[in-house]
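Asker: Pasted the sequence and its predicted model underneath.
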Amino acid sequence: MNNSSENNAAATSEAQQGWGLLLLDPQLNIRYINSAAAEILLSSTEQATNKNIGELIPALDLVLANASIFSEPNHYSQSIVPSNSANNISYQLELHSIPTDDKQNIIAAYIYKKPTSSAIDTPPAPASLANKALALSLSQMLNINQQLNMRLLHSNRQVLQSEKMAGIGQLAAGVAHEINNPLGFVFSNIKTLSNYIASLFKIIDIAAGDCKSQNLQNTMNELEYDYIKTDLAELLEESEEGLQRVKKIIVSLKDFSHIDEEAFAPADLHKCIETTLSVAQNEIKYKAEIIREFGELPLVDCIASQINQVIMNITVNAAHAIEEFGTIYIRTGTQDQKAWIEIEDNGEGIPEHIISRIFEPFYTTKPIGKGTGLGLSLSQTIIEKHNGLLEVESTPSSGTKFKIWLPIKQV
């Protein structure tokens, strides 16, 4: 519901009396304003919403207003002459604090324009039961509207994040495929080259033994033949090892993406963990040592690519929580027909007053530009989709532990 529809629904009785209506939060920020009040304050409903009332009424004594509306009789009234008034016009403002079920009082503000020299003959009864009911109803409508907007925004972000991950997965799978082809023949060529060089060295050794040329011996000594022979074998071995590592990364990228995988299927969670750690290695290796404490796990019904994403989010967050260099423990096990993955770091921990908010969409403690506040929210959504549970324990200055519970069999 937007402001204009709310105005149409709520402004009738106040407009008929010439009184403008505003709903304020306890900090006197405007949550709702009808067209009559906006006109009196020389603003519009769109411009005024979410502003502090003090911005629209600079002459208002905010300290006195705050003190008055939160004490008996929960009422404050002030006759205000705008500083820029050139036509001898002022307005009367009345504030009423209305208790709500959640103990977060809302403030109904009524405003009436009048000539400076005149008095209001028949002021309305803003504290009447009817007006209180109207203010409470509007407040509830605003709360529902805000919740719906947040859910819509969260859903939109989730869709965008899913599309983004699908795009990244498609790109990763494409790059992995393109790299894998030349990597295959380079790896094969290195193997062949290694065999050829071994044969050449064998020929050279036989020739050097049969040939008594001093010139040949001098040249071999000068060029450090023995060192070249040893070092070249080591270089080829290191090259093969490097290619094996590249091949492992390519396989991990292909396993991590699985862009066409949307159905539950039995998966090896240990493989999911290793795949994710391989992909996220650059984010982790400079911040923490990974210690694996794996138990026995059966195959678990899940969407592996989504579980990979959850492990990625939590593990990278764990690395970011470590100030210098620390340790991340990854443990696995089973209990009561459920598999669990535990990821624990010895980082700075989560303060007690914000731990209840870490799964909220867009909530982040990272600096601007460093985090979207969606990682843990999306992780929780994925685990709930798997009929599982995501738990967190944290001790400030000691570390944080996340535990993922997944049913072994999806019913």
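Answerer: In hand now; what should we look at?

Asker: excluding its backbone neighbours, what's nearest residue 345?
Answerer: residue 318 (3.8 Å; CB to CB, 6 or more residues apart in numbering). For the C-beta atoms, the positions are set from N, CA and C on the backbone; glycine is no exception.

Asker: Now do the same contact list for the one you found.
Answerer: 288, 328, 343, 344, 345, 347, 400, 402 (CB atoms under 8 Å, 6 or more residues apart in numbering).

Asker: Might you report the residue contacts of the last one?
Answerer: Contacts for residue 402 (CB under 8 Å, 6+ apart) come out as 314, 318, 342, 343, 344, 390, 391, 392.

Asker: Now for residue 52, how many residues are close by?
Answerer: The number of residues packed near residue 52 is 15, by other CB atoms under 10 Å.

Asker: now residue 91
Answerer: 20.

Asker: Mind listing what's buried along the helix or strand containing it?
Answerer: Element membership for residue 91, per DSSP states H and E: strand 89-98. Of all the residues in strand 89-98, those buried under the rule 16 or more other CB atoms under 10 Å are 90, 91, 92, 93, 94, 95, 96, 97, 98.

Asker: Quick check: pLDDT value at the last one.
Answerer: At residue 98, the predicted lDDT confidence score is 72.

Asker: and stretch 336-346, average pLDDT?
Answerer: 93.

Asker: re the thing from before, for the buried residues of strand 89-98, give me JSON lines that also has distance to residue 54.
Answerer: Below are these laid out as JSON lines (distance: CB to CB, whole Å):
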{"residue": "90", "distance to residue 54": "17"}
{"residue": "91", "distance to residue 54": "15"}
{"residue": "92", "distance to residue 54": "17"}
{"residue": "93", "distance to residue 54": "12"}
{"residue": "94", "distance to residue 54": "16"}
{"residue": "95", "distance to residue 54": "12"}
{"residue": "96", "distance to residue 54": "18"}
{"residue": "97", "distance to residue 54": "17"}
{"residue": "98", "distance to residue 54": "20"}
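
Asker: Between the residues you listed, which sits nearest residue 409?
Answerer: residue 98 (52.5 Å; CB to CB).

Asker: you'd agree that closest one is up against residue 108?
Answerer: Yes - taking CB atoms under 8 Å as the definition, residue 98 is a contact partner of residue 108 at 5.9 Å.

Asker: gap between the residue nearest to residue 225 when sequence neighbours are not counted and residue 265?
Answerer: Excluding the flanking residues, the one nearest residue 225 by CB to CB, 6+ apart is residue 204, at 7.6 Å. Between residue 204 and residue 265 the computed distance is 56 Å (CB to CB, to the nearest Å).

Asker: Enumerate every residue touching the residue lying closest to residue 410 once chain neighbours are set aside.
Answerer: Of all residues not flanking residue 410 in the chain, residue 301 sits nearest, at 4.2 Å (CB to CB, 6+ apart). If a contact means CB under 8 Å, 6+ apart, then residue 301 has 264, 265, 266, 267, 407, 408, 409, 410 as its contacts.

Asker: For residue 107, grab phi and psi.
Answerer: For residue 107, the backbone dihedrals (degrees, to the nearest 10) come out as phi -120, psi 120.

Asker: That one: how many residues sit nearby?
Answerer: Neighbour tally, residue 107, other CB under 10 Å: 27.

Asker: So what pairs up with it in the strands?
Answerer: Bridge pairing for residue 107 (DSSP bridges) gives the partners residue 24, residue 97.

Asker: With residue 334 instead?
Answerer: As for beta bridges, residue 334 partners with residue 339 under DSSP bridges.
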